[in-house]
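Trainee: Sequence and predicted structure, then a few things I'm wondering about:
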Amino acid sequence: MADVKVMAAAETSKLDLLLARFREIVGSEFVMVDAAQKEDYGRDKTEDYFFMPDVVVKPGTTIEVSELLQVCNQYKIPVTPRGAGTGLSGGALPVKNGVVISMERFNKILHIDELNLQATVEPGVITEVFQNAVKEKGLFYPPDPASRGSCFLGGNLANNSGGPKAVKYGVTRDYVLNMEVVLPTGEIIWTAANVLKNSTGYNLTQLMCGSEGTLGIITKIVFKLRGFPQKNVLMMIPFTTNEEACSAIAAIFVAGITPSGMEFFEKDAAEKTFAYCEKVLNSPVTTKLTEGMNAYLLCELDGNDEEVLMRDAERVMGVVEKFQSGEVLFADTAAQKEELWKIFLRL
Ligand SMILES: Cc1cc2nc3c(=O)[nH]c(=O)nc-3n(C[C@H](O)[C@H](O)[C@H](O)COP(=O)(O)OP(=O)(O)OC[C@H]3O[C@@H](n4cnc5c(N)ncnc54)[C@H](O)[C@@H]3O)c2cc1C
């Protein structure tokens with residue numbers, strides 16, 4: 001019995017020592033041990049899972065992340081990096097308890113380099129905030145997960161997130177040139193160089209993409225950017241069946257047209273979403289579904305030349321006419337476009 005008490009006392013004093021070290025590294029206000037403070041860090045958006053972390057730490061610099069990882073490595077303490085906690089695959093859940101390292105204080109856009117079409121950011125920047133900041137300079141960061149209003153760029157990288165624009169522009173991994181990463185030992189590395197062509201050495205940058213926090217903690221990211229496409233056309237195309245709609249998608253691509261967004265949805269899903277918008281969100285929907293049609297494609301084309309866009313839109317219509325489709329709805333105003341995308345993203 002005495003031995004058990006001695007062991008328990010030893011464990012308690014080890015924990016106290018560790019907490020003291022964490023507080024030394026990041027400051028007391030950024031070390032959470034109270035259940036109420038830690039609760040939100042025990043879940044993400046993956047169903048109803050919950051794993052209470054032993055401690056949540058919020059570093060503010062790369063050096064702090066490095067020192068934290070050195071301590072955790074030395075004492076073999078499980079570490080779970082966390083962005084905004086919007087993940088749907090449980091990556092941010094501290095399934096082995098231990099330490100959650102929240103990256104929420106890494107929220108700065110460090111540099112937008114208009115000359116080289118690049119930007120250097122911290123991983124806790126919200127995706128949409130970044131998109132808007134580069135758009136103000138005429139630049140475009142295309143990856144657009146539906147959670148872009150709340151998720152972080154570091155989480156996007158660790159999950160290799162994509163969204164409707166992936167069909168033309170690719171996903172997060174297609175826009176990263178280089179990143180600063182703290183390895184589990186605390187060593188700080190850069191994975192590549194800030195150049196478009198980098199042909200030598202192992203591709204550590206891509207190894208980190210989709211690694212879900214298992215290989216290290218990303219502390220800076222260099223993204224490449226594009227010019228912002230000035231114009232777009234958005235069409236909602238009804239079809240009699242799911243099969244007709246899906247066959248039309250392939251035919252559009254075979255015809256040499258690359259939409260900037262291409263999404264499929266069924267009538268039932270659309271009706272439920274309309275009802276949800278109207279009854280729960282109290283936000284009336286002006287879009288009308290077409291009688292007798294059971295499947296829809298949302299097809300967006302973008303570019304800088306209105307005439308080319310309209311010609312491509314006509315070509316899309318020419319293609320879908322060969323299938324059992326109904327009258328194509330064109331979203332004419334920005335408000336209509338926004339409504340259509342919002343509906344789709346809630347599906
Ligand atoms: C309503 C909704 C819509 C969504 N839509 C999409 C979508 O369209 N497309 C899509 O791909 N996903 C989507 N998701 C899933 C999720 O939003 C994304 O995967 C997002 O990239 C997660 O970012 P986060 O900051 O919330 O990361 P978290 O959930 O906090 O973490 C995700 C993973 O990244 C790791 N991680 C976080 N930060 C770092 C870091 N700095 N260094 C190393 N590892 C780190 C974590 O350990 C974890 O493994 C959606 C989620 C919701 C709730």
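Mentor: Thanks, I have the structure now.
Trainee: what's the neighbour count on Ala35?
Mentor: Around Ala35 there are 9 other residues, counting by other CB atoms under 10 Å. Quick note: C-beta positions are derived from backbone N, CA and C, even for glycine.
Trainee: Got the phi and psi for it?
Mentor: phi -50, psi -40 (degrees, to the nearest 10).
Trainee: Report the contact partners of the closest residue to it other than its chain neighbours.
Mentor: Distances taken as CB to CB, 6 or more residues apart in numbering put Met52 closest to Ala35, at 7.1 Å, once the chain neighbours are dropped. By CB atoms under 8 Å, 6 or more residues apart in numbering, Met52 lies in contact with Ala35, Lys38, Glu39, Gly42, Pro94, Asn97.
Trainee: How much space separates the first one from the ligand?
Mentor: Distance of Ala35 to the ligand, computed by CB to the nearest ligand atom, to the nearest Å: 20 Å.
Trainee: And the fifth one, by the same measure?
Mentor: As judged by CB to the nearest ligand atom, Pro94 and the ligand stand 9 Å apart.
Trainee: That residue - that's part of a helix, no?
Mentor: No. Read with DSSP: H, G, I helix; E, B strand; the rest coil, Pro94 is coil and lies in no helix.
Trainee: re earlier: tabulate the contacts of Met52 (JSON lines), appending pLDDT.
Mentor: Formatted as JSON lines, the contacts of Met52 follow (pLDDT from 0 to 100):
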{"residue": "Ala35", "pLDDT": "96"}
{"residue": "Lys38", "pLDDT": "97"}
{"residue": "Glu39", "pLDDT": "96"}
{"residue": "Gly42", "pLDDT": "98"}
{"residue": "Pro94", "pLDDT": "98"}
{"residue": "Asn97", "pLDDT": "95"}
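Trainee: Of those, which is the most crowded?
Mentor: For the contacts of Met52, neighbours tallied by other CB under 10 Å; top is Pro94, 24 neighbours.
Trainee: list the contacts for that one?
Mentor: The neighbourhood of Pro94, defined by CB under 8 Å, 6+ apart, consists of Tyr41, Gly42, Phe51, Met52, Pro53, Pro78, Thr80, Val100.
Trainee: between the residues you listed, which is closest to the ligand?
Mentor: For these, the minimum distance to the ligand (CB to the nearest ligand atom) is 5.7 Å, reached by Thr80.
Trainee: who in the stretch 101-250 of the chain is up against the ligand?
Mentor: Selection of the stretch 101-250 of the chain residues close to the ligand by CB under 6 Å from any ligand atom yields 103, 123, 145-147, 151-152, 154-156, 158-159, 161-163, 212-213, 217-218.
Trainee: re the thing from before, can I get the buried part of the contacts of Pro94 as one ChimeraX selection?
Mentor: Selecting only the buried entries of the contacts of Pro94 in ChimeraX, with 16 or more other CB atoms under 10 Å as the criterion:
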select :41,42,51,53,80,100
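Trainee: Run through the contacts of Pro94 and flag the ones next to the ligand.
Mentor: Restricting the contacts of Pro94 to those near the ligand - CB under 6 Å from any ligand atom - leaves Thr80.
Trainee: Output the contacts of Pro94 as CSV; include the columns distance to Phe22.
Mentor: Listed next are these as CSV, based on distance: CB to CB, whole Å:
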residue, distance to Phe22
Tyr41, 14
Gly42, 18
Phe51, 19
Met52, 17
Pro53, 12
Pro78, 14
Thr80, 15
Val100, 12
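Trainee: Adding secondary structure, write the contacts of Pro94 out as JSON lines.
Mentor: Compiled in JSON lines, the contacts of Pro94 are given as follows (three-state DSSP):
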{"residue": "Tyr41", "secondary structure": "helix"}
{"residue": "Gly42", "secondary structure": "helix"}
{"residue": "Phe51", "secondary structure": "coil"}
{"residue": "Met52", "secondary structure": "coil"}
{"residue": "Pro53", "secondary structure": "coil"}
{"residue": "Pro78", "secondary structure": "coil"}
{"residue": "Thr80", "secondary structure": "strand"}
{"residue": "Val100", "secondary structure": "strand"}
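Trainee: List phi and psi for the closest residue to Ile189 other than its chain neighbours.
Mentor: Beyond its immediate neighbours in the sequence, the residue positioned closest to Ile189 (CB to CB, 6+ apart) is Val181, lying 5.6 Å away. Backbone geometry at Val181, expressed as degrees, to the nearest 10, gives phi -130, psi 140.
Trainee: element containing Phe130, please.
Mentor: Secondary structure assignment for Phe130, by DSSP states H and E: helix 127-135.
Trainee: Quick check: which helices or strands does the following helix or strand past that helix pack against?
Mentor: Counting by DSSP H and E, the next helix or strand C-terminal to helix 127-135 is strand 139-140. If you count contacts as 3 or more CB pairs under 8 Å, 6 or more residues apart in numbering; DSSP states H and E, strand 139-140 packs onto strand 226-227.
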